[in-house]
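K.L.:
Following is a predicted model, sequence given first.
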Amino acid sequence: MRFDIVTLFPALFDGYLSQGLLSKALKNELVEIHRHDLRDHAPETTHRPVDDKPFGGGPGMLIQVEPTVNCVEAVEAAVPEKARRVLLTPQGKRFDQRMAEDFANDPRLILLCGRYEGFDQRVIDIWEPEEISVGDFVLNGGEVAAMVIIDAVVRLIPGVLGDQQSNIDDSFSRGNRLLEFPQYTRPREFRGHTVPDVLTGGDHGAIAKWRAEQSRLRTQQRRSDLLPESDNQNP
Ligand code: SAM
């Protein structure tokens, strides 16, 4: 899968791309990530401005339509692979696990990151991206939001995780769409806190049953909105 990130701060991704699962996925050619500097499409003056004051007044600056549309169109045309277009904005549809699973089926994603007060509305009207938010709060820029999306999508690509079962068992994932059950590792006892007997007894049927019950209970306690309507009424 190929990601194209359009940003005013390409270097922000340096550390992120060089560590952990992502760097391994890049090395193993399971994903390609390309960064594009929006400023490369700005007028060729000393400061290469891409922003200007909003018409009608108000605080802050807006990213201008011309360099942005020129940039995303050039990025899109650089390879024949058809791309899904995503613009990061707090005003967008809320990103979740189902959306991550949907994105993971696409061969290519373009992620357009905003800064300042965001983009001139005509970027959206002309380019017609999907507007996506990572939550009901305001970040300084779309780069962290793009990392959130890449992180959630990349782990769904076959071969990226050591064990694909994680993508079924993980919270919100397609196993049951609930929160994951509690997990333990060695030692069996620490400061009087012990591992539940069922997990060390070797009865795989009993372990599966316990985990399913715990997953439902934890979801009921913390996120009852995730339970099917009928479960919600009869905990
Ligand atoms: N004035 C904008 C508004 O109220 O909708 C917020 C602009 S924000 C300071 C700058 C950029 O950060 C946005 O253009 C967007 O790309 C990114 N951003 C901020 N919060 C975000 C969120 N919750 N999800 C996705 N992107 C976000």
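P.N.:
All right, it came through fine.

K.L.:
residues contacting R155?
P.N.:
21, 161, 166-167 (CB atoms under 8 Å, 6 or more residues apart in numbering). For every residue, glycine as well, the C-beta is placed using N, CA and C.

K.L.:
same thing but 6 Å
P.N.:
By CB atoms under 6 Å, 6 or more residues apart in numbering, the residues touching R155 are L161.

K.L.:
what's the answer for the one 5 residues further on, then?
P.N.:
With contacts taken as CB under 6 Å, 6+ apart, V160 has the following neighbours: 25, 30, 154.

K.L.:
Which helix in this protein has the most residues?
P.N.:
helix 204-222 (DSSP state H).

K.L.:
for that helix, what is the average pLDDT?
P.N.:
On average, the pLDDT along helix 204-222 is 98.

K.L.:
Beyond the helix or strand where M147 lies, next helix or strand please.
P.N.:
Here M147, judged by DSSP states H and E, is contained in helix 142-154. The helix or strand immediately downstream of helix 142-154 is helix 166-169, counting by DSSP H and E.

K.L.:
Just list whatever residues bridge to R35.
P.N.:
For R35, the beta-bridge partners are I5 (DSSP bridges).

K.L.:
Enumerate every residue touching it.
P.N.:
R35 makes contact with 5, 10, 13 under the criterion CB under 6 Å, 6+ apart.

K.L.:
quick one: it and V138, what's the gap?
P.N.:
Using CB to CB, to the nearest Å, R35 is found at 23 Å from V138.

K.L.:
cool, I132 as well?
P.N.:
Distance of I132 to V138, computed by CB to CB: 15 Å.

K.L.:
between those two, which one's more packed in?
P.N.:
Counted by other CB atoms under 10 Å, I132 and V138 do not tie: I132 has more neighbours, with 24 against 9.

K.L.:
Assign the more buried one to helix, strand or coil.
P.N.:
Three-state assignment for I132 (DSSP: H, G, I helix; E, B strand; the rest coil): strand.

K.L.:
Could you measure from it over to the ligand?
P.N.:
In this view, I132 and the ligand are 7 Å apart by CB to the nearest ligand atom, to the nearest Å.

K.L.:
For that residue, list each beta-bridge partner.
P.N.:
I132 has these beta-bridge partners by DSSP bridges: K93.

K.L.:
and it, what is it in contact with?
P.N.:
Counting by CB under 6 Å, 6+ apart, I132 makes contact with 86, 92-93, 95.
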